[in-house]
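>>> The following block contains a protein sequence and its predicted model.
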Amino acid sequence: MVRVANEKFAKLGSGGDRSQLAELVTRTHYNSEEIPLAFEADRDVDLPSWVAGHRDALRAGLHDRGAVLLRSPGRPSFEAVVDAFTEALVDYRGGAAIRSRTNDTTYTASEYPNELEIRQHSEFCYSHDWPMLLFFHCATAPGDRGQTPLTDNRKVLREIPAEIRAEFIRRGLLYVRGYGYNRTWQRSYETDSRQEVEALCAAEGRRAEWVGDDQLRTYETRPATARHPVTGEEVWFNYAHGFHISRMDDGIRDVLSTSPEDTDEQLWPNNVFWADGGEIDPEIINVVNDIVASCTTQFDWQEGDTLIVDNMLCAHGRRPYTGPRRILLKMAESYAEIAAENR
C-alpha cells in the first residue's frame with residue numbers, strides 16, 4: 001500500500017468537529033495509476049459526516065481519477081455514505097447483468113458464475129441513458145481474488161489505434177441482447193407484463209422482439225464514444241469487446257452449460273454488430289480487448305469499503321474468485337438529466 005498525505009483534505013474542515021474529522025482521513029492510493037483515489041481513516045470516524053462535508057472535493061477527485069475508495073475500520077453504513085454524497089438514486093431495469101434487489105435502491109453485484117471473469121464495462125453504455133455514479137460496497141470481502149478492476153475510459157480512447165477508433169466512431173454499434181435462458185426478461189425488467197416491457201423499451205429507443213413462447217430479444221443502436229457532460233472529455237463508451245460472440249470461449253461454455261443440447265445462442269444470447277448490421281471482425285475485438293486490459297488497475301477489497309465510480313470515466317469488472325464474496329451496488333444521477341442541465 002502507498003500512503004500519500006494531502007494537505008488539501010487535511011484543511012477542508014470548517015472548524016470544530018468537521019476539522020477534526022478531516023484530520024483523521026488520509027488520502028491514499030493502492031497502485032501507480034492512483035485509480036481508485038482512496039481516502040482511509042486511521043480509526044473509526046463518522047464517515048458519512050466527513051463525506052457530506054467534502055462532497056465538492058470528492059467529486060473533483062472523482063472527475064480526476066474516475067473512482068474514489070472510502071475505507072474506514074468502523075465499517076460505516078452503506079446507505080448513510082451514499083446519502084451523504086447524493087440524493088439522486090436511479091433504478092436498474094432491463095440491464096444486461098444478472099443481479100437481485102436487496103432493498104428498493106440496492107442490488108447485489110452481478111451473480112454471474114464466480115469461476116468466470118466479468119469483462120470491463122460501463123453500466124448501460126448500450127442504452128440512451130445511464131447512471132453517472134456507481135456505489136459498490138463490500139459487505140463480505142473475498143478471500144481469494146474477486147477484485148473489482150477499474151479501467152480509465154479516457155486512456156482507452158487514446159490507446160485504440162487511429163484507424164480502429166475512426167471506424168468505431170464512424171459506424172457506431174448495434175447491440176443485440178437475448179433473454180429467456182440465463183437471464184429471463186421477467187427478472188431483468190422486474191415485471192411479468194409484456195406490454196410494460198415494450199413500453200419501457202420504446203421509451204428508451206430500444207426495439208423489442210418476442211421470440212418463441214417466452215423469449216425476448218432487443219436491438220439498440222448506439223455510438224461507440226460519448227462526451228462527459230461535466231468534464232467535457234470524450235471517452236470510450238461501448239461494450240463491443242464484451243458482447244461480441246467471439247468472446248464465447250470453451251471455458252464460458254463449460255461453466256454455463258447444463259446440457260449437451262445447449263446452443264451458443266442460449267448460452268451467449270448477446271452480440272454486437274456495426275450499426276449498419278455489418279459483422280465486426282473478431283481481430284478488431286481482440287485488439288480492443290487487449291487495450292482495455294492494458295489500461296486496467298485493481299485493488300483488494302476490505303469489508304466496509306465503499307467504492308464510488310464515475311460510470312463514464314471508469315469501466316469496471318470482476319475477477320474470478322472462490323469462497324464467500326458479497327458486493328452491493330447502488331446507482332445514481334441520470335446522464336440524460338445532467339446532460340440537459342449542462343447544455
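Looks like it arrived, so ask away.
>>> Okay, now the unreliable bits of the stretch 51-200 of the chain?
Applying pLDDT under 70 to the stretch 51-200 of the chain picks out residues 96, 98, 180-182.
>>> same thing but 80
Applying pLDDT under 80 to the stretch 51-200 of the chain flags the ranges 92-101, 110-112, 180-183.
>>> How about residue 121, nearest residue that isn't a chain neighbour?
residue 239 (5.0 Å; Cβ to Cβ, 6 or more residues apart in numbering). Just so you know, the C-beta spots here come from the backbone N, C-alpha and C atoms, and that holds for glycine as well.
>>> How far off centre is the longest helix along the chain?
Ranked by residue count and defined by DSSP state H, the top helix of the chain is helix 282-294. From the chain centre to the centre of helix 282-294 is a distance of 19 Å (Cα atoms, centre = their mean, to the nearest Å).
>>> So for that helix, what gets flagged as buried?
284, 285, 288, 289, 291, 292 (16 or more other Cβ atoms under 10 Å).
>>> And the helices in this protein?
7-10, 16-24, 47-53, 55-65, 78-85, 153-159, 162-171, 185-189, 194-203, 240-243, 250-256, 264-267, 282-294, 335-341.
>>> how about these, which one is nearest residue 139?
Of all the helices of the chain, it is helix 78-85 that lies closest to residue 139, at 7.8 Å by Cβ to Cβ.
>>> Show residues contacting that closest one.
Helix 78-85 has contacts (Cβ atoms under 8 Å, 6 or more residues apart in numbering) with 47-49, 51-52, 55, 58, 70, 89, 106, 133, 135, 137, 139, 306, 308, 328, 330, 332.
>>> 6 Å instead, please
48, 51, 52, 135, 137, 306, 330 (Cβ atoms under 6 Å, 6 or more residues apart in numbering).
>>> Could you dump the residues you listed into TSV and include distance to residue 189 and neighbour count?
Shown next, in TSV, are those (distance: Cβ to Cβ, whole Å; neighbours: other Cβ atoms under 10 Å):
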residue	distance to residue 189	neighbour count
48	33	19
51	33	24
52	35	16
135	23	24
137	25	25
306	28	25
330	19	26
